[in-house]
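Enquirer: Okay, structure incoming, though there's no sequence with it:
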């Protein structure tokens with residue numbers, strides 16, 4: 001691989017500085033976990049929140065302000081002129097409700113599709129964690145402790161580096177090698193310094209090559225264990241199947257992230273929204289009364305109806321777009337730190353508890369486990 005130039009190094013440094021460090025990642029993670037606990041609160045408690053709600057998203061969307069401004073302008077004009085304009089009679093022949101029905105259908109379909117993507121990627125995350133725990137159970141039951149710990153460490157390193165590699169595709173992720181992988185590697189000694197030097201040509205922040213290399217290393221270790229007669233062919237196949245299943249789960253995250261919903265579809269929804277909401281505001285404003293029929297209370301009520309329509313359209317659109325990429329730093333994204341740390345804890349507990357029981361049994365039977373050469 002050619003050496004990095006000064007310009008490429010400066011670009012990498014600039015990108016790294018924009019990514020949150022571990023304390024910031026933990027703060028975001030804590031907010032996510034707190035947000036999930038709100039779903040079972042009473043309705044009055046749910047309505048009292050602002051962060052992570054549709055109101056927060058709507059307040060930042062200029063289309064909502066434009067729509068409300070159009071409605072207010074129409075009603076102010078109605079109160080100022082005091083007569084029924086010719087355009088009011090023409091507006092009675094229009095039917096904006098048809099466009100609203102089509103838009104509602106496409107918005108609900110869009111949210112359903114993105115929610116399916118979101119749940120699929122959540123399933124990939126949990127499947128990857130589950131396969132590591134499977135390998136930890138098989139390793140502690142069939143392999144010497146040194147080899148088992150090294151194998152499980154490499155599998156955990158593959159998982160963590162896999163999340164870091166998502167930076168290279170889609171919208172990127174806030175997890176970096178310096179602030180994320182190195183943090184856990186320093187705590188748990190997943191990969192040694194010599195092993196990291198062997199993979200120094202692989203840029204962890206630029207794809208899943210490091211993760212795939214870790215999986216290949218694990219496969220080689222299992223093959224060597226079978227050659228050393230530490231396990232038989234059937235046990236080797238169990239290990240290999242779970243390593244490949246883990247890699248397939250991680251690849252699934254990359255596949256979904258690399259192929260978001262079509263831009264044509266997103267643009268279509270935004271275009272319909274941008275046309276429909278102003279038309280709805282005009283239609284509602286003209287239908288609220290002219291001349292002697294003008295009434296402030298009716299204007300306020302119709303204004304709430306326009307705002308409610310904005311909440312429906314913009315809220316559904318924002319919900320769908322937020323679920324497209326669940327590996328970012330939004331509060332609605334997946335809890336990656338929880339998955340990584342729970343997997344690390346579970347796999348270590350499996351190894352330590354099993355080898356503790358094994359050592360007690362060995363002290364009674366005075367039988368030594370075979371050691372890898």
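Expert: Right, received. Where do you want to start? None of these values were measured; they are calculated from a predicted model. Numbers count the residues shown, from 1 in each chain.

Enquirer: end to end, how far does stretch 316-327 reach?
Expert: For stretch 316-327, the separation between the terminal residues is 20 Å (CA to CA, to the nearest Å).

Enquirer: Excluding chain neighbours, what is closest to residue 29?
Expert: residue 337 (4.5 Å; CB to CB, 6 or more residues apart in numbering). In this view, the C-beta of every residue, glycine as well, is placed from N, C-alpha and C.

Enquirer: Just the element for the one you found, please.
Expert: Element membership for residue 337 (DSSP states H and E) is helix 336-365.

Enquirer: can you check residue 126 too?
Expert: Using DSSP H and E, residue 126 sits in helix 97-142.

Enquirer: What are the buried residues along the following helix or strand past that helix?
Expert: The first helix or strand that comes after helix 97-142 along the chain, using DSSP H and E, is helix 145-165. Within helix 145-165, the residues scored as buried using 16 or more other CB atoms under 10 Å are 145, 147-165.

Enquirer: Remind me what helix 145-165 packs against, helices and strands.
Expert: Secondary structure elements in contact with helix 145-165, counted by 3 or more CB pairs under 8 Å, 6 or more residues apart in numbering; DSSP states H and E, are helix 97-142, helix 182-188, helix 209-227, helix 233-258, helix 336-365.

Enquirer: from the middle of its chain, how far away would that helix be?
Expert: Taking CA atoms, centre = their mean, to the nearest Å, the mean C-alpha location of helix 145-165 is offset from the chain mean by 22 Å.

Enquirer: Do me a favour and average the pLDDT over it.
Expert: If you average the pLDDT over helix 145-165, you get 94.

Enquirer: what angle separates that helix from helix 209-227?
Expert: Here the directions of helix 145-165 and helix 209-227 differ by 160 degrees (axes from the mean of the first three to the mean of the last three CA atoms, to 10 degrees).

Enquirer: Phi and psi next, for residue 96.
Expert: According to degrees, to the nearest 10, the main-chain angles of residue 96 amount to phi -80, psi -20.

Enquirer: just residue 92 next, same as before
Expert: Reported as degrees, to the nearest 10, the phi and psi values for residue 92 are phi -70, psi -20.

Enquirer: From residue 342, how far out is residue 249?
Expert: Here residue 249 is placed at a distance of 16 Å from residue 342 (CB to CB, to the nearest Å).

Enquirer: oh sorry, the question was meant for residue 294
Expert: Residue 294 sits at a distance of 62 Å from residue 342 (criterion: CB to CB).

Enquirer: Verify the stated contact: residue 70 with residue 285.
Expert: Yes. The pair residue 70 / residue 285 is scored as a contact, 7.2 Å apart, by CB atoms under 8 Å.

Enquirer: Which one's more surrounded, those two?
Expert: For the pair residue 70 and residue 285, the greater number of neighbours falls to residue 285 (24 against 19), based on other CB atoms under 10 Å.

Enquirer: what residues are up against the more buried one?
Expert: With contacts taken as CB atoms under 8 Å, 6 or more residues apart in numbering, residue 285 has the following neighbours: 70, 71, 73, 74, 75, 78, 302.

Enquirer: What about these, which one has the most neighbours?
Expert: Among the contacts of residue 285, residue 71 has more neighbours than the rest - 27 neighbours, counting by other CB under 10 Å.

Enquirer: Quick one, which of the helices and strands packed on helix 145-165 gets closest to residue 32.
Expert: Proximity to residue 32 (CB to CB) singles out helix 336-365 among the helices and strands packed on helix 145-165, at 8.3 Å.

Enquirer: and the next element down the chain from whatever helix or strand residue 66 lives in?
Expert: According to DSSP H and E, residue 66 maps onto helix 62-81. Following the chain from helix 62-81 toward its C-terminal end, the next helix or strand by DSSP H and E is helix 86-91.

Enquirer: which strands and helices sit next to that next one?
Expert: Contact analysis of helix 86-91 by 3+ CB pairs under 8 Å, 6+ apart lists helix 263-286 as its packing neighbours.
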